[in-house]
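**Student:** Prediction below, plus the sequence it came from.
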Amino acid sequence: THNSFSALEDEFIGPNQYFGMRRQLNDGVRAFMIDIHNFTEPALEEGGTDRIVPALCHGDCRAGALPLVPMLVYLREFLLTHPDDVVVLLVEQYTTDKQLWDAVREAELEDKMWVPPNLTTVRQLGANFTWPTLSEVLALKKQVLYFTDIGNDTSIVASRSRPREAPW
C-alpha cells in the first residue's frame, strides 16, 4: 500500500488509507511504502527535554505521525506468529541511518531483516545480482526485506537505491 501509515483509522489528515498498518497486516498486506521522518516528541515532564524520534509521517508530521518503534514492535510480534510470511518495506528515509538502526534494534527486529551477504558484490553485479528465493529467505529465518532511497548504512538495507521508475 502507498503511504501505508497514513490512515483515517489513525486520524491522519488527508489519509491515503482507511485502515492503519496493523489492520493492513492482518488483512494480508505484505508490502508497505512508508516515509520515515524525524519527529519531535514533547517532553513528558515540565522542564524535561523534547526527544527527536523517527516517525511514520508524510512530509509535515503535523498532519499525522506514528512513532516508528511501536510499529516495528508490532511487525516483529506479527511475524513471530506468522513464520511463513515475508514483509517488504519500501522506505523514503528522512532520518539518519543511525536513528533508523537504533529503532530497529529497540524493536528487536534486527534478526528478522534480510541483508545481502556482500554489498560490494551486489553493487558490482547491479541488475545481474541474483536475489534469493522466498524459500531461501525463510530458510534463513528472515522475514523483512527493507529498501530505502536514501540510507547509507548498508548493514540493514537490502538495497541503497530505490528504482525511481518503479510503479509504487
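**Tutor:** Cool, the structure landed.

**Student:** so Leu56 touches Leu66, yeah?
**Tutor:** Yes. Taking contacts as Cβ atoms under 8 Å, Leu56 lies within contact range of Leu66: 4.5 Å. In this view, the C-beta of every residue, glycine as well, is placed from N, C-alpha and C.

**Student:** Low-confidence ranges, the chain, go.
**Tutor:** Within the chain, the stretches with pLDDT under 70 are 118-119, 150-168.

**Student:** max-length helix in it?
**Tutor:** As assigned by DSSP state H, the longest helix anywhere in the chain is helix 68-81.

**Student:** Any chance you could list what contacts it?
**Tutor:** The contact list for helix 68-81, computed with Cβ atoms under 8 Å, 6 or more residues apart in numbering, reads 5, 21-22, 25-26, 36, 53-56, 85, 87, 100, 103-104, 106-109, 112, 143-144.

**Student:** Could you say which helix or strand holds Leu100?
**Tutor:** Here Leu100 sits within helix 97-106, counting by DSSP states H and E.

**Student:** Geometrically speaking, which residue is the centre of this protein?
**Tutor:** Note on the chain: the residue nearest the mean C-alpha position is Leu89, at 4.7 Å, using Cα atoms, centre = their mean.

**Student:** So for that one, what's the nearest residue that isn't a sequence neighbour?
**Tutor:** Tyr146 (4.9 Å; Cβ to Cβ, 6 or more residues apart in numbering).

**Student:** Report the separation between that neighbour and Asn16.
**Tutor:** Between Tyr146 and Asn16 the distance is 20 Å, computed by Cβ to Cβ, to the nearest Å.

**Student:** more neighbours, the two?
**Tutor:** Neighbour count, other Cβ atoms under 10 Å: between Tyr146 and Asn16, Tyr146 has more, with 22 against 15.

**Student:** Pop out the phi and psi values for the more buried one.
**Tutor:** phi -120, psi 120 (degrees, to the nearest 10).

**Student:** And for Thr40?
**Tutor:** Dihedral angles for Thr40 - degrees, to the nearest 10 - are phi -90, psi 110.

**Student:** can you tell me which residues contact it?
**Tutor:** Asp50, Arg51, Ile52.

**Student:** cutoff 10 Å now
**Tutor:** Thr40 makes contact with Asp50, Arg51, Ile52, Val53, Ala55, Cys61, Ala65, according to Cβ atoms under 10 Å, 6 or more residues apart in numbering.

**Student:** One more: Glu11?
**Tutor:** Residues near Glu11 by Cβ under 10 Å, 6+ apart: Gly20, Ala63, Gly64.

**Student:** No more questions from me, cheers.
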